[in-house]
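Enquirer: take this sequence and fold it.
(one chain, ligands or ions: 1)
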Amino acid sequence: MYSQDDQAISFVALSVHELRTPLTLLRGYIEVFEEELSGKVDPELKDFMDKMNAQAEQLMAYVNNILNVARIDNDQLELRLQEESWSTVLKSAVVALGLQAKVRGISLHCQIANDLPSVGIDRLSINEVINNLVDNAIKYSGSSKIIKIEAHRSGDGLVETTVQDFGLGISTSLLPNLFTKFYRDHHNRAQVGGNGLGLYLSKAIVSAHGGNLWVRSKEGEGSTFGFTLIPYDQLTKQAKLDGNTEMVRSAHGWIKNHSLYRR
Ligand code: ADP
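Expert: So this is what the prediction gives:
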């Protein structure tokens, strides 16, 4: 049974939706194997398990991207904005992505300022933004083995997070195209897999949160993608929803009447 929201999304998205259940089961079984067998299997088998796990994670992220793009295109992206500690959310996302990086020999260096205010976010959606940016940094790292993830308070009081790689980089003339649906840089699309949806989706999610997603890059030197989020107290003032702990915002504005919200 599809939820009412899902009925309106395209046939492709509905088909992709079907992949979620077997994938979830597959991930669960791999996790059980890893827990039960850790320390008991030889390193080569452990390495295979890590790779299987990382591939399953990536497939799940791909499925989620397609579903979310369908939601955005049908004007159905709805966010349940709640107060969250940004350092907790970011740290746990980075830990989850560590394995994906590790199987490629890459280490993630994470630095989070300790004076960050809490933010108003839809945790699942923002996790997808982090996933997409770090996944790209991994994919386009070339021979570089380090990715830096940082979070700090920006000059205008927002919470800014950056993901920096030291890999292939992007030529200046191509930068304006990156956030367009299906766009892929022709220089590296033969070597690196992808579908050109990640940045389109991430930009839409960050914008729906009231933030901004930007890029700085130099060909051959690497790229930095950054996004801002609004501190929770600022968000409540802005939306004139003080006292409301569950605020809902769609890609096209706030939904103040919570009875309209279905998921
Ligand atoms: P995908 O990676 O699936 O192709 P995205 O929408 O995530 O799609 O990215 C669009 C394009 O932007 C990529 O095809 C790639 O050319 C470029 N790109 C994104 N992130 C990076 C990065 N960290 N380094 C170099 N190029 C990047």
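
Enquirer: where do the helices sit along the protein?
Expert: Applying DSSP state H to the chain gives helices spanning 4-7, 11-17, 20-37, 43-73, 86-102, 123-139, 198-208, 232-238.

Enquirer: and this structure, which of its residues are near the ligand?
Expert: For the chain, the residues in contact with the ligand (C-beta under 6 Å from any ligand atom) are 132, 136-137, 140, 165, 167-168, 170, 178, 183-185, 188-189, 194-200, 223. The C-beta positions use only the backbone N, C-alpha and C, and glycine is treated the same way.

Enquirer: now intersect those with the strands, please.
Expert: D165, S223 (DSSP state E).

Enquirer: hey, C-alpha coordinates of stretch 33-53 in PDB?
Expert: What follows is stretch 33-53, C-alpha atoms only, in PDB (Å, rounded to 0.1, in the frame of the first residue of the first chain):
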ATOM      1  CA  PHE A  33      26.900 -10.800   9.700                       C
ATOM      2  CA  GLU A  34      29.300  -7.900  10.500                       C
ATOM      3  CA  GLU A  35      28.400  -8.000  14.200                       C
ATOM      4  CA  GLU A  36      28.400 -11.800  14.500                       C
ATOM      5  CA  LEU A  37      31.600 -12.400  12.600                       C
ATOM      6  CA  SER A  38      33.700  -9.400  13.400                       C
ATOM      7  CA  GLY A  39      37.100 -10.600  14.600                       C
ATOM      8  CA  LYS A  40      36.300 -14.200  13.600                       C
ATOM      9  CA  VAL A  41      36.700 -14.000   9.800                       C
ATOM     10  CA  ASP A  42      40.000 -13.500   7.900                       C
ATOM     11  CA  PRO A  43      40.700  -9.900   6.800                       C
ATOM     12  CA  GLU A  44      40.000 -10.600   3.200                       C
ATOM     13  CA  LEU A  45      36.400 -11.700   3.900                       C
ATOM     14  CA  LYS A  46      36.000  -8.800   6.300                       C
ATOM     15  CA  ASP A  47      37.100  -6.500   3.500                       C
ATOM     16  CA  PHE A  48      34.400  -8.100   1.200                       C
ATOM     17  CA  MET A  49      31.800  -7.500   3.800                       C
ATOM     18  CA  ASP A  50      32.700  -3.900   4.200                       C
ATOM     19  CA  LYS A  51      32.500  -3.500   0.400                       C
ATOM     20  CA  MET A  52      29.100  -5.200   0.300                       C
ATOM     21  CA  ASN A  53      27.900  -2.900   3.100                       C
END
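
Enquirer: buried ones in that stretch, by neighbour count?
Expert: Judged by neighbour count using 16 or more other C-beta atoms under 10 Å, the buried positions of stretch 33-53 are E34, M49, D50, M52, N53.

Enquirer: next: stretch 73-84.
Expert: D73, Q76, L77, E78, L79, R80, L81, E83, E84.

Enquirer: doesn't V69 make contact with the third one?
Expert: No. When contacts are counted by C-beta atoms under 8 Å, L77 is not listed as touching V69 (9.4 Å).

Enquirer: and the nearest residue to V89 once chain neighbours are set aside, what pLDDT?
Expert: Spatially, and ignoring its direct neighbours in sequence, V89 is nearest to R123 (6.0 Å; C-beta to C-beta, 6 or more residues apart in numbering). On pLDDT, R123 comes in at 91.

Enquirer: let me see the contact set for R123.
Expert: Q82, E84, V89 (C-beta atoms under 8 Å, 6 or more residues apart in numbering).

Enquirer: I'd assumed S125 was in contact with the last one.
Expert: No. Using C-beta under 8 Å, V89 makes no contact with S125, being 11.3 Å away.

Enquirer: I'm done for today, thanks for sticking with me.
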